[in-house]
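> any chance you can model this:
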Amino acid sequence: MQNDERISVIIPAYNESDSIWELVHYLEDAGSERIEEILVVDGGSTDGTAEVAKEAGARVIHSPRKGRAAQMNSGAAVAKGGILYFLHADTRPPRQFDRLILSELEKGTAAGCFRLRFDDPHPLLRWYSVFTRLKTVLVRFGDQSLFVRKKLFLNIGGFREELLVMEDQEVIRRIKKEGRFSVLKESVITSARTYRENGYVWLQLLFTAIWAGYYLGIPQDRLVQFYRKMIQAGKT
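Numbers count the residues shown, from 1 in each chain. Below is the predicted model:
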């Protein structure tokens with residue numbers, strides 16, 4: 001039976017065995033009695049992610065399709081909580097995140113997210129983080145996490161599974177048609193590993209190109225191919 005005032009944390013994962021144990025335990029410690037479950041939705045990992053997540057105490061779901069949108073939809077479909085909280089595997093929400101979410105929803109907010117900080121003090125990353133304070137959908141990304149009532153999420157049809165990138169901004173646009181979307185003043189902390197590996201400027205330029213390509217209507221598969229090619233180029 002669904003509990004309307006409890007939260008299902010949904011984590012899409014693929015080959016995250018190195019970090020998923022720590023994340024599950026962090027969520028258990030940082031949250032409170034408002035958490036119904038921690039759902040790890042595995043997209044076919046080959047490194048034992050599902051087994052590690054289960055041993056850590058998470059409920060593990062095997063998604064029939066790989067891809068964040070498809071995996072998050074699979075988790076939402078079986079979630080026991082009436083509130084869904086979508087979280088990337090390399091991101092940590094603020095302490096008492098569940099209370100913050102419920103407090104905001106009690107104000108009549110339809111859905112929302114947190115601001116973003118990186119686990120790296122680099123000045124450019126601090127500057128990039130400033131933009132997550134803005135209210136425009138144009139700077140909303142999945143790393144900021146997303147909370148929404150399950151009934152609303154299912155009513156709008158969930159994530160568009162054909163989207164390989166930018167699925168987060170697309171779903172928020174539809175959510176905002178149904179009610180108020182809030183950006184909480186607290187921040188999640190996300191990994192800066194990809195920035196460190198590829199360059200703080202290079203990677204941000206690449207992300208901006210993907211963002212622009214999406215709004216210009218470039219096909220999803222071409223955007224993904226471009227990203228993979230340029231990531232490799234940035235490492236040479």
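> can you measure across stretch 150-168, start residue to end residue?
Using Cα to Cα, to the nearest Å, the end-to-end distance of stretch 150-168 comes out at 16 Å.
> same question for stretch 75-83.
Distance across stretch 75-83, first residue to last, is 12 Å (Cα to Cα).
> stretch 85-99 now?
12 Å.
> in that stretch, which residues are buried?
Buried residues in stretch 85-99, counted by 16 or more other Cβ atoms under 10 Å: 85-94, 97-98. Where you see a C-beta, it was placed from the backbone N, CA and C, and this is true even at glycine.
> farthest pair in these?
D90 and D98 (19.8 Å; Cβ to Cβ).
> mind checking the pLDDT average for stretch 12-19?
The pLDDT scores in stretch 12-19 average 95.
> cool, stretch 142-154 as well?
97.
> likewise for stretch 184-197?
Regarding stretch 184-197, the rounded mean pLDDT is 96.
> hmm, who's touching the one helix or strand in the chain whose mean pLDDT sits lowest?
Sorting the helices and strands of the chain by mean pLDDT, DSSP states H and E puts helix 220-234 at the bottom, at a mean of 85. Helix 220-234 is contacted from outside by 162-165, 198-199, 202-203, 206, 209-210, 213-214, using Cβ atoms under 8 Å, 6 or more residues apart in numbering.
> in helices only, show me those.
198, 202-203, 206, 209-210, 213-214 (DSSP state H).
> list buried residues within the residues you listed.
Buried by 16+ other Cβ under 10 Å: 198, 203, 206, 210, 213-214, out of those.
> I'd like those residues as CSV, with distance to S129 appended.
Formatted as CSV, these follow (distance: Cβ to Cβ, whole Å):
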residue, distance to S129
N198, 18
L203, 14
L206, 18
I210, 19
G213, 23
Y214, 21
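> tell me which of those residues is nearest to K66?
Distances from K66 to these, taken by Cβ to Cβ, are shortest for I210, at 18.9 Å.
> enumerate every residue touching that closest one.
165-166, 223, 226-227.
> just to revisit the earlier point, CA-only coordinates of the least confident helix or strand of the chain in PDB, if you can.
Extracted C-alpha coordinates of helix 220-234, given in PDB (Å, rounded to 0.1, in the frame of the first residue of the first chain):
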ATOM      1  CA  GLN A 220      19.400  12.300 -29.400                       C
ATOM      2  CA  ASP A 221      21.700   9.600 -30.800                       C
ATOM      3  CA  ARG A 222      23.900  12.300 -32.500                       C
ATOM      4  CA  LEU A 223      24.200  14.200 -29.300                       C
ATOM      5  CA  VAL A 224      25.300  11.100 -27.400                       C
ATOM      6  CA  GLN A 225      27.800  10.200 -30.100                       C
ATOM      7  CA  PHE A 226      29.200  13.800 -30.100                       C
ATOM      8  CA  TYR A 227      29.600  13.700 -26.300                       C
ATOM      9  CA  ARG A 228      31.400  10.400 -26.300                       C
ATOM     10  CA  LYS A 229      33.700  11.500 -29.200                       C
ATOM     11  CA  MET A 230      34.500  14.900 -27.500                       C
ATOM     12  CA  ILE A 231      35.100  13.300 -24.100                       C
ATOM     13  CA  GLN A 232      37.800  11.100 -25.600                       C
ATOM     14  CA  ALA A 233      39.300  14.100 -27.500                       C
ATOM     15  CA  GLY A 234      39.500  16.000 -24.300                       C
END
